[in-house]
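> okay, predicted coordinates and the sequence, questions at the end:
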Amino acid sequence: MEKGMKIAINTGGGDAPGLNAVIEAVVLAANSRGWDTYGIKNGYAGLLNTDEIIPLTPDTVRHIANTGGTILGTTNRGNPFQMPVTNLAGETEIRDVSDKVVENFRRLHFDCLVAVGGDGSLSIAYDFYKKGVPVVGVPKTIDNDLCGTVITFGFDTAVSIATEAIDRLHSTAKSHERVMVVEVMGRNAGWIALNSGVSGAADVILIPEIPFDIDRICEHIMDRELQGQRYSIVVAAEGATSLGGQAVDKGRGEAGRQDVVLGGIAEVLAKEISKRTGKDTRSIVLGHLQRGGSPTTFDRLLALRFGAAAVRTIEGRKFGTMVALDPPEIKAVPLEEVIGKIRNVPVDCDTIRTAREIGVSFGD
Ligand code: F6P
């Protein structure tokens, strides 16, 4: 058994239920090998300002697997390769401060960085790997859009929360004979909308992979009226677009953000549906509720397995990889094979076929 390894762990990008379970498993599995683990706070920031590095002992992490958020903090703004820095003239410029991160990593004698994140954070991890930092990635995102793994942790919790919300909307929609348009997260992938929409008995599901036609949506709602179903539930992924249209971006210009911040499709759709059908229509945005709170059993277990597998991967010195679920096993896949891509919903997948066969419209 190898002694004396010193592991750093960080969590980056949007939080997802299960992050603390990964941290717990990494610390306990490392400790069982006689290794030490340190938490880097707020993504990579802790490796720039080393005051933000904390020792993680079994006592610090024991039984945090059931808690939401991340005890290490996270950010989707701190890319050391493109860091906004304010110069002496008070202007903000983008600088590459990655050498400082590598220098601090080496100065503190870390043997490996466990980077828990989605595509953005894992791409940064891969760039550090190319600069000589031994890294192992752990796939996190409620969006489930990472390649190389059958599923990411956080997704099951988000789908469960969205499904429960849709379930609850049926009774109020029915009582008022309304159309309810529910917006769920997922960026440019429709996994959350599809799985929660089918499970929650939505009538219309709109996902980025299938551009919609507003006329088809309204026809479906009016067909239901003719059949005596005087209410409808529409589940829209935040990245859903009309044929030839663009996703609704509510965040352009948000300070320090270079990426698109999706959101607002539900309100746009609700206005249009109401105008065209004359039906009383309301929009609901589930937003960050989908990321908050305790992970489901599935996510907790997956995250614990990912954490323990990350330590096994370090032991096997398979750096530059990401742990991934390939049922029934967890394997390590090269980071370069998974980053910079999106795993979209295949439009001919069984869940979509099932949905169509049970009467769901995709607005196409
Ligand atoms: O990637 C996770 C996610 O929750 C997306 O589904 C969503 O578009 C985005 O993050 C929201 O980001 P923020 O927390 O910055 O609003």
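Alright, I've got the coordinates.
> just give me the neighbour total for Val150.
Neighbourhood size, Val150 [other CB atoms under 10 Å]: 11. C-beta: built from backbone N, CA, C; applies to glycine.
> quick check: it vs the ligand, distance?
18 Å (CB to the nearest ligand atom, to the nearest Å).
> assign that residue to helix, strand or coil.
The three-state label given to Val150 by DSSP: H, G, I helix; E, B strand; the rest coil is coil.
> chain center to the strand or helix carrying Ala173, what's the gap?
Counting by DSSP states H and E, the element that carries Ala173 is helix 155-176. Taking CA atoms, centre = their mean, to the nearest Å, one finds helix 155-176 lying 20 Å from the centre of the chain it belongs to.
> next, see if the helix or strand following it gets close to the ligand.
Per DSSP H and E, the first helix or strand lying C-terminal to helix 155-176 is strand 179-184. No - using CB under 6 Å from any ligand atom, strand 179-184 never reaches the ligand; the gap is at least 8.3 Å.
> show me where the stretch 51-200 of the chain dips below the pLDDT cut-off.
For the stretch 51-200 of the chain, applying pLDDT under 70 flags no range at all.
> which residues of it fall in strands?
Here the stretch 51-200 of the chain has its strands, by DSSP state E, counting those that start in this stretch, at 53-56, 83-86, 92-95, 112-117, 135-139, 179-184.
> neighbouring strands of the first one in the sheet, and parallel or not?
What it means is strand 53-56. strand 36-40 (antiparallel) (DSSP bridges).
> what residues are up against the closest residue to the ligand within the stretch 101-250 of the chain?
Relative to the ligand, the nearest point of the stretch 101-250 of the chain is Met185 (3.1 Å; CB to the nearest ligand atom). Counting by CB atoms under 8 Å, 6 or more residues apart in numbering, Met185 touches Ile142, Asp143, Ala158, Ile192, Ala237, Glu238, Leu286, Gly287, Gln290, Arg291.
> in helices only, show me these.
Of these, the ones assigned to helices by DSSP state H are Ala158, Ile192.
> could I get the contacts of Met185 as TSV with neighbour count and distance to Ser121?
Below are those laid out as TSV (neighbours: other CB atoms under 10 Å; distance: CB to CB, whole Å):
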residue	neighbour count	distance to Ser121
Ile142	31	14
Asp143	28	13
Ala158	30	18
Ile192	28	19
Ala237	31	22
Glu238	28	20
Leu286	21	23
Gly287	13	21
Gln290	25	19
Arg291	20	15
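> which strands or helices does the helix holding Ala173 pack on?
Here helix 155-176 touches strand 179-184, helix 191-199, strand 232-237, helix 297-315, going by 3 or more CB pairs under 8 Å, 6 or more residues apart in numbering; DSSP states H and E.
> for the stretch 1-150 of the chain, what lies in contact range of the ligand?
Gly14, Asn76, Gly118, Thr141, Ile142, Asp143.
> and which of those residues is nearest Gly200?
Ile142 (16.4 Å; CB to CB).
> can you give the distance from stretch 78-91 to the centre of its chain?
Using CA atoms, centre = their mean, the offset of stretch 78-91 from its chain centre is 26 Å.
> buried set for that stretch?
Applying a neighbour-count criterion of 16 or more other CB atoms under 10 Å, one finds Gly78, Asn79, Pro80, Phe81, Met83 buried in stretch 78-91.
> you'd agree the fourth one is up against Ser98?
It stands for Phe81. Yes - between Phe81 and Ser98 a contact is recorded at 5.0 Å, counting by CB atoms under 8 Å.
> okay, and the common contacts of the two?
Joint contacts of Phe81 and Ser98 (CB under 8 Å, 6+ apart) are Asp127.
> would you mark the buried spots in stretch 99-114?
Val101, Asn104, Phe105, Phe110, Asp111, Cys112, Leu113, Val114.
> and if you look at stretch 150-162?
For stretch 150-162, by 16+ other CB under 10 Å, it's Ile151, Thr152, Phe153, Gly154, Phe155, Asp156, Thr157, Ala158, Val159, Ser160, Ile161, Ala162.
> check stretch 60-71 too.
Quick answer for stretch 60-71 (16+ other CB under 10 Å): Val61, Ile64, Ala65, Thr67, Gly68, Gly69, Thr70, Ile71.
> with only the CA atoms kept, save it in PDB.
Extracted C-alpha coordinates of stretch 60-71, given in PDB (Å, rounded to 0.1, in the frame of the first residue of the first chain):
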ATOM      1  CA  THR A  60     -14.500  17.100   8.600                       C
ATOM      2  CA  VAL A  61     -16.300  15.000   6.000                       C
ATOM      3  CA  ARG A  62     -18.000  12.200   7.800                       C
ATOM      4  CA  HIS A  63     -21.700  12.000   6.900                       C
ATOM      5  CA  ILE A  64     -21.900  15.000   4.600                       C
ATOM      6  CA  ALA A  65     -22.900  12.700   1.700                       C
ATOM      7  CA  ASN A  66     -26.500  13.500   2.300                       C
ATOM      8  CA  THR A  67     -26.100  17.300   2.200                       C
ATOM      9  CA  GLY A  68     -26.600  19.600  -0.800                       C
ATOM     10  CA  GLY A  69     -24.200  22.200  -2.200                       C
ATOM     11  CA  THR A  70     -20.400  21.900  -1.700                       C
ATOM     12  CA  ILE A  71     -18.400  22.500   1.500                       C
END
